[in-house]
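> this one's sequence-less:
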């Protein structure tokens, strides 16, 4: 089992560019999450999904969109990147409340 | 809303000394409680969890935590620190309302000195 994987691992964007981060899990979990991690801020929930075809806003959803077209995939989109979105992004899936994390994507917006 | 407080954003101990990382939560309803560890440039991995039953929970790498309902605490301990324990540690609790979501503390970075 690969667990939770994230693509890409690193990315540098210019302000205003768009991109999509891909999260995939092979554990057949219903719930999936996108977090951002910033120094001193811990993990903050961006969006989450309780099953295929569903999405919901988390704590810091502005500037991000998500889609869950397939159960195993959860995509995070930035339509117009801003320097404030420079962060490390983690995807997770959960089963009986235990969350399993991917390795992260380090995004820099110049 | 549920909240989690981790006392001390940085903790420094000597190799072989006791490790104590503190976590308090706000809910009066006993939640599920977790400790995750994050090594540099990696994702978070589960260290241990409390769901129901025995309040002293043992995890990986010699760590354990005790759920104290009266103190709304779930402190993480290890009797003897090892250099490899240097990492950031996050306490998390289940959100209210029966959701699968977790609320994370801001993290405690543990440094182990030789």
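Looks like it came in fine. Fair warning: this is a prediction, and the values are worked out from it, not measured in the lab.

> What residues does chain B have near chain A?
B:9, B:32, B:34, B:36, B:41-46, B:49, B:51, B:90, B:92, B:94, B:100-102, B:104-107 (CB under 8 Å from any CB of the partner chain). Heads up, the C-betas are built off the backbone N, CA and C, glycines and all.

> Can you say which of the residues you listed are buried?
Using 16 or more other CB atoms under 10 Å in any protein chain shown as the burial test, the residues of chain B next to chain A include B:32, B:34, B:36, B:43-44, B:46, B:49, B:90, B:92, B:94, B:100-102, B:104-107 as buried.

> Quick check: which helices or strands does the helix or strand of chain B with the lowest mean pLDDT pack against?
Taking mean pLDDT, DSSP states H and E as the measure, the helix or strand of chain B with the lowest value is strand B:102-104, at a mean of 91. Packing contacts for strand B:102-104, counted by 3 or more CB pairs under 8 Å, 6 or more residues apart in numbering or on different chains; DSSP states H and E, involve strand B:87-94.

> So what touches the strand it packs on?
The list of residues contacting strand B:87-94 from outside it, by CB atoms under 8 Å, 6 or more residues apart in numbering or on different chains, reads A:42-43, A:97, A:99, B:2, B:4, B:6, B:21, B:23, B:25, B:27, B:31-40, B:44, B:47, B:74, B:76, B:100-105, B:107-110.

> mind showing which ranges of chain B have poor pLDDT?
Of all residues in chain B, those with pLDDT under 70 make up the ranges B:28, B:97-98.

> could you pull out the strands for it?
With DSSP state E as the criterion, chain B has strands at B:4-7, B:10-14, B:19-25, B:33-38, B:44-50, B:56-58, B:64-68, B:73-78, B:87-94, B:102-104, B:108-113.

> ditto for chain A
Taking DSSP E as the criterion, chain A contains strands spanning A:4-7, A:10-13, A:19-25, A:31-38, A:42-49, A:56-57, A:65-67, A:73-78, A:87-95, A:98-101, A:105-109.

> Same list (those strands) but as CSV, adding distance to residue B:69, mean neighbour count and mean pLDDT.
Converted to CSV, these look like this (distance: least, CB to CB, whole Å; neighbours: other CB atoms under 10 Å in any protein chain shown; pLDDT from 0 to 100):
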stretch, distance to residue B:69, mean neighbour count, mean pLDDT
strand A:4-7, 32, 18, 97
strand A:10-13, 43, 14, 96
strand A:19-25, 33, 19, 97
strand A:31-38, 26, 23, 96
strand A:42-49, 24, 22, 95
strand A:56-57, 30, 13, 94
strand A:65-67, 36, 17, 97
strand A:73-78, 35, 20, 98
strand A:87-95, 24, 22, 96
strand A:98-101, 21, 21, 94
strand A:105-109, 38, 18, 97
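
> Nearest residue to the middle of chain A?
Nearest residue to the geometric centre of chain A (CA atoms, centre = their mean): residue A:34, 3.3 Å.

> and residue A:62, backbone torsions?
With angles defined as degrees, to the nearest 10, residue A:62 sits at phi -60, psi 130.

> Could you tell me how many residues sit around it?
When neighbours are counted by other CB atoms under 10 Å in any protein chain shown, residue A:62 registers 8.

> Next, count neighbours for residue B:80.
Residue B:80 has 12 neighbouring residues, counting by other CB under 10 Å.

> Tell me the residues of chain A that contact chain B?
A:4, A:31, A:33, A:40-43, A:45, A:48, A:50, A:58, A:90, A:92, A:94, A:97-104.

> Next one: residue B:110 from chain A, what distance?
Relative to chain A, residue B:110 is positioned 15 Å away (criterion: CB to the nearest CB, to the nearest Å).
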